[in-house]
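**Q** need the 3D shape of this:
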Amino acid sequence: MRKHGVRVLSAIALILGLSLSAFAATLNDIQQNPDPAFFEELSERLGCEQAAQWVAQPAGGADEFLATLTTMKDEAKKRSGREDRARSWYALIKQNFFNSKKTAEQCSPSNGRTNNDGLSALLSKFPEGLVVVGLGGFGSHKASEGTLTTSFDAWNKTHQQAIATGKLKFMRVECSFSYSPDESFCAVDMLKTIETTLATQDPSGKMRLLLWGYSKGGISALEMLRTTPWLRDRTAAVVSVGTPFQGSALIDRMAVAVDKFVANSQIPGTPDAMGADTIMKLIQMWIGGARADVDDIMKNFAKVREGVHSLTTKSRAVSLSRNLTTGAFLRSNGSKIPVYQIAGILDPSRMVGIPVMSVKGGKLVAVDRSYDVLHAGQLTAMMSSVTKPLSDSCVALEDALLPLGPARAAGLDPHFLALLRLDHLGLRFHRLPNELKHGVPDQALVDAALATIARRSIP
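**A** Residues are numbered from 1 along each chain as shown. Alright, predicted model coming up:
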């Protein structure tokens, strides 16, 4: 385990250490504060102290997010060129966004809402019924359970009447080969699944849809909406969670690794620059921990490579420029589609990336299950924090937000819902074994988001 983990970690470090490319977004492109209602709603469910453990916001509250960010950037400029700049950025983040005590002080006493009230509030706005559609991301078709599984399971017990009367439905939708790009495959593939399911579950065609896209699933949601007028009319809102709308610094590096692997594997007698297992670890690190089958990946590697390149910052910039055209997303009545964006920020103190060492048989070995290889890779991803400091380890905050002006002109209504102290894997809101240590309140986070959307949205 130790040898395997060190080898993978070294490969990831090599990739992340490659020269930086030009990025499509910067911290200057963040133009909205997070919604203060989200922290209020989460506090109602968890209490002030617990809620403050999961929301990354300034001591003065969400309304001071942009001002605090400007102050942090000014302070970071003083460290320009210093070897400890990445470490200094973490110190600034910890000071300004991870101060749970100060965050809790912003909180009002809880009225004791439950983890079901948000969905109930949202459901009340749609008398004809609501379908919550969970859209998975890159590699999610290989995962046994998808985004929102924890909430879906709970809602099946707590909203039995709404389900029995046909007013509430849930749908998990995965691309049949989710490593593929959306514009050439996944969006069409996922749309077919939605159409087929709705034909049997909602033959009247009156229920409204909430499209919840995890990671690449948010891109899938917008691509389906762009090409499908009837879906635009029936979609109440989109929720994007850790979505690389403007690309991913990690994917930029993965694309280089994939290209090198392909190039070297085609030269007889030349060892692969990156072994298949290492490539798989990089992919797993990005997709939320799904243990995809290596043989399947290698058999369809050309498609995987195409999918990786479709998510680079360069490709996403081209795609957004091409697709965010005036009025492209307007409903037939001329109204805009709300897009509620959730991003994460890596908190290294919650990662278990360094193994506990012990002596066994006269040898120094890592204690079994004392660290997580994926966490080790995510911690290594902090090497890119000089240019992408506010990152969930895979997608930076500025890349998880749509460019505001072009999106609005295209007929979307973007909202920055929340910045959460979760890494990219945790943003699935379905707890993985390595997240149990910190007891991630998946259902409370999801329901707080739905409650905030219910407060902001108009059918």
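
**Q** show me the strands in the stretch 1-150 of the chain, by range?
**A** Using DSSP state E, counting those that start in this stretch, the strands of the stretch 1-150 of the chain run over 130-135.

**Q** below-threshold pLDDT in it: ranges please.
**A** Applying pLDDT under 70 to the stretch 1-150 of the chain picks out residues 1-24, 79-87.

**Q** show me where it has its helices.
**A** Remark: helices assigned in the stretch 1-150 of the chain by DSSP state H, counting those that start in this stretch are 2-16, 36-46, 48-51, 65-77, 85-97, 100-104, 117-124, 149-158.

**Q** name the residues of the top helix by length along the chain that are buried.
**A** For the chain, the longest helix by residue count, based on DSSP state H, is helix 249-265. Residues of helix 249-265 classed as buried by neighbour count (16 or more other C-beta atoms under 10 Å): 249-258, 260-261, 265. C-beta: built from backbone N, CA, C; applies to glycine.

**Q** and stretch 169-185, by the same measure?
**A** Buried, per 16+ other C-beta under 10 Å, within stretch 169-185: 169-175, 177-183, 185.

**Q** then stretch 100-118?
**A** Residues of stretch 100-118 classed as buried: 100, 102-104, 106-107, 110, 113, 115-118 (neighbour count, 16+ other C-beta under 10 Å).

**Q** before we move on, what SS does the nearest residue to K303 once chain neighbours are set aside have?
**A** Spatially, and ignoring its direct neighbours in sequence, K303 is nearest to S180 (5.3 Å; C-beta to C-beta, 6 or more residues apart in numbering). What DSSP: H, G, I helix; E, B strand; the rest coil gives for S180 is coil.

**Q** enumerate every residue touching S180.
**A** 186, 189, 303, 306-307 (C-beta atoms under 8 Å, 6 or more residues apart in numbering).

**Q** wait, which of the residues you listed is closest to T68?
**A** Distance to T68, by C-beta to C-beta, is smallest for G307 among the contacts of S180, at 36.1 Å.

**Q** and that closest one, which of the three is it?
**A** Criterion first, three-state DSSP; result for G307: helix.

**Q** does R226 really touch N323, like I thought?
**A** Yes. Counting by C-beta atoms under 8 Å, R226 does reach N323; the two are 5.7 Å apart.

**Q** so between these two, which is more surrounded?
**A** R226 (21 against 16; other C-beta atoms under 10 Å).

**Q** low-confidence ranges, the stretch 201-350 of the chain, go.
**A** Applying pLDDT under 70 to the stretch 201-350 of the chain flags residues 265-295.

**Q** please, where are all the strands along it?
**A** With DSSP E, counting those that start in this stretch as the criterion, the stretch 201-350 of the chain has strands at 208-214, 235-241, 337-344.

**Q** ok so, going back, let's see the PyMOL selection covering just the buried ones among the contacts of S180.
**A** Buried members of the contacts of S180, defined by 16+ other C-beta under 10 Å, are picked up in PyMOL with:
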select buried, resi 186+189+303+306+307
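
**Q** redo the contacts of S180 as CSV? Include distance to V132.
**A** Below are those laid out as CSV (distance: C-beta to C-beta, whole Å):
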residue, distance to V132
C186, 20
D189, 20
K303, 29
E306, 30
G307, 26
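
**Q** in the contacts of S180, find the pair that's most separated.
**A** Using C-beta to C-beta, these span at most 14.4 Å, a distance reached by D189 and E306.

**Q** if we can go back for a sec, for R232, find the nearest of the helices of the stretch 1-150 of the chain.
**A** Using C-beta to C-beta, the helices of the stretch 1-150 of the chain put helix 117-124 closest to R232, at 19.0 Å.

**Q** burial measure for A410, as a count.
**A** Neighbours of A410 under the rule other C-beta under 10 Å: 22.

**Q** tell me which residues touch the residue lying closest to it once chain neighbours are set aside, please.
**A** Nearest residue to A410, sequence neighbours excluded (C-beta to C-beta, 6+ apart): L324, at 4.2 Å. By C-beta under 8 Å, 6+ apart, the contact list for L324 reads 402-403, 406-407, 409-410, 412.

**Q** go again using 6 Å as the cut-off
**A** 406-407, 410 (C-beta atoms under 6 Å, 6 or more residues apart in numbering).

**Q** quick check: phi and psi on it?
**A** Backbone torsions for L324, taken as degrees, to the nearest 10, come to phi -90, psi 60.

**Q** need the pLDDT of the residue of the chain most remote from its centre.
**A** Distance from the C-alpha centroid of the chain peaks at G362, with 43.6 Å (C-alpha atoms, centre = their mean). Listed pLDDT for G362 reads 71.

**Q** ok, now which ones touch the closest residue to A237 other than its chain neighbours?
**A** In space, and not counting its chain neighbours, A237 is closest to P338: 4.3 Å by C-beta to C-beta, 6+ apart. Shown in contact with P338 (C-beta under 6 Å, 6+ apart): 237, 413, 457.

**Q** that older thread, quick check, nearest of the contacts of L324 to H159?
**A** A407 (32.1 Å).

**Q** I'd like to know how far the residue nearest to K303 sits from T165.
**A** Distance, S180 to T165, by C-beta to C-beta, to the nearest Å: 38 Å.

**Q** ok, now H309?
**A** Computed as C-beta to C-beta, the H309 to T165 distance reads 46 Å.

**Q** count of residues packed around G361?
**A** Neighbour count for G361, taken as other C-beta under 10 Å: 5.

**Q** show me what contacts it?
**A** No residues are in contact with G361 under the rule C-beta under 6 Å, 6+ apart.

**Q** again with L210
**A** 132, 236-237.

**Q** picking that back up, E398: which of the helices of the stretch 1-150 of the chain is closest?
**A** Comparing those by C-beta to C-beta, helix 65-77 comes nearest, at 10.2 Å.

**Q** which elements pack onto the closest one?
**A** Packing contacts for helix 65-77, counted by 3 or more C-beta pairs under 6 Å, 6 or more residues apart in numbering; DSSP states H and E, involve helix 85-97.

**Q** for the residue nearest the centre of the chain, phi and psi?
**A** Central residue of the chain (C-alpha atoms, centre = their mean): G242, 1.9 Å from the mean position. Dihedral angles of G242 (phi, psi; degrees, to the nearest 10) stand at phi 60, psi 30.

**Q** isn't it right up against G426?
**A** No. Using C-beta atoms under 6 Å, G242 makes no contact with G426, being 9.0 Å away.

**Q** circling back to that earlier point, by neighbour count, which of the contacts of P338 wins?
**A** Of the contacts of P338, with other C-beta under 10 Å as the count, A237 tops at 22 neighbours.

**Q** separation between that one and F65?
**A** In terms of C-beta to C-beta, A237 sits 22 Å off from F65.

**Q** can I get the longest helix of the chain as PDB, trimmed to CA atoms?
**A** Output of helix 249-265 as PDB, limited to C-alpha atoms (Å, rounded to 0.1, in the frame of the first residue of the first chain):
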ATOM      1  CA  ALA A 249      -6.600  23.300 -13.600                       C
ATOM      2  CA  LEU A 250      -6.300  19.600 -12.600                       C
ATOM      3  CA  ILE A 251      -7.900  18.600 -15.900                       C
ATOM      4  CA  ASP A 252      -5.400  20.800 -17.800                       C
ATOM      5  CA  ARG A 253      -2.600  18.700 -16.200                       C
ATOM      6  CA  MET A 254      -4.500  15.400 -16.700                       C
ATOM      7  CA  ALA A 255      -4.800  16.200 -20.400                       C
ATOM      8  CA  VAL A 256      -1.000  16.600 -20.600                       C
ATOM      9  CA  ALA A 257      -0.600  13.200 -18.800                       C
ATOM     10  CA  VAL A 258      -3.100  11.500 -21.100                       C
ATOM     11  CA  ASP A 259      -1.400  12.900 -24.200                       C
ATOM     12  CA  LYS A 260       2.000  11.700 -23.000                       C
ATOM     13  CA  PHE A 261       0.700   8.300 -22.200                       C
ATOM     14  CA  VAL A 262      -0.700   8.000 -25.700                       C
ATOM     15  CA  ALA A 263       2.400   9.300 -27.400                       C
ATOM     16  CA  ASN A 264       4.800   7.100 -25.500                       C
ATOM     17  CA  SER A 265       2.700   4.000 -25.700                       C
END
